[in-house]
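**Student:** let me see the structure of the following:
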Amino acid sequence: MDTDDILQKQVEQLEKEKRELQERLKSQDKKVDYFIRAKRLEEIPLLEAYAAEQSVTKREQWETLEADRVCTLCYYSWAEDLFGQLGILC
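**Tutor:** This is a model prediction of the structure:
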């Protein structure tokens, strides 16, 4: 064997190792992708349920705050009318 043959064998060995590494990385990438997709499929119904629950909760909070606001406005309107009739400045 001369030096050219030795260099050629080394180059072939390095290329073979590089191909094997790329194949392993590609296989690992597919496994991670599959895992992420499966995880997302599991999470979607949970996220939808959480969003629906939050929507109901936020709606109830808004209705409570709106009722309080209306009561407060009614009270101030009533007080202004009363004090106006009595001739008292608010």
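**Student:** run the chain-centre distance for the helix or strand where Asp33 lies.
**Tutor:** Assigned by DSSP states H and E, Asp33 falls within helix 3-86. Centroid separation for helix 3-86 versus its chain: 1 Å, with C-alpha atoms, centre = their mean, to the nearest Å.
**Student:** try stretch 2-18
**Tutor:** Chain-centre distance of stretch 2-18: 50 Å, with C-alpha atoms, centre = their mean.
**Student:** state the mean pLDDT of that stretch.
**Tutor:** Here stretch 2-18 scores 91 as its mean pLDDT.
**Student:** ditto for stretch 56-76
**Tutor:** Mean predicted confidence for stretch 56-76 is 90.
**Student:** in that stretch, which residues are buried?
**Tutor:** Of all the residues in stretch 56-76, not one is buried under the rule 16 or more other C-beta atoms under 10 Å. Just so you know, the C-beta spots here come from the backbone N, C-alpha and C atoms, and that holds for glycine as well.
**Student:** can I get that stretch as PDB, trimmed to CA atoms?
**Tutor:** Extracted in PDB, the C-alpha atoms of stretch 56-76 (Å, rounded to 0.1, in the frame of the first residue of the first chain):
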ATOM      1  CA  VAL A  56     -67.000  31.700  30.900                       C
ATOM      2  CA  THR A  57     -65.100  33.000  33.900                       C
ATOM      3  CA  LYS A  58     -64.200  36.300  32.200                       C
ATOM      4  CA  ARG A  59     -67.800  36.700  31.100                       C
ATOM      5  CA  GLU A  60     -69.100  36.200  34.700                       C
ATOM      6  CA  GLN A  61     -66.500  38.700  36.000                       C
ATOM      7  CA  TRP A  62     -67.500  41.300  33.300                       C
ATOM      8  CA  GLU A  63     -71.200  40.900  34.200                       C
ATOM      9  CA  THR A  64     -70.500  41.400  37.900                       C
ATOM     10  CA  LEU A  65     -68.400  44.400  37.200                       C
ATOM     11  CA  GLU A  66     -71.000  45.800  34.800                       C
ATOM     12  CA  ALA A  67     -73.800  45.300  37.300                       C
ATOM     13  CA  ASP A  68     -71.700  47.100  40.000                       C
ATOM     14  CA  ARG A  69     -71.000  50.000  37.600                       C
ATOM     15  CA  VAL A  70     -74.700  50.300  36.700                       C
ATOM     16  CA  CYS A  71     -75.700  50.300  40.400                       C
ATOM     17  CA  THR A  72     -73.000  52.900  41.200                       C
ATOM     18  CA  LEU A  73     -74.300  55.100  38.300                       C
ATOM     19  CA  CYS A  74     -77.900  54.700  39.400                       C
ATOM     20  CA  TYR A  75     -76.900  55.600  43.000                       C
ATOM     21  CA  TYR A  76     -75.000  58.800  41.900                       C
END
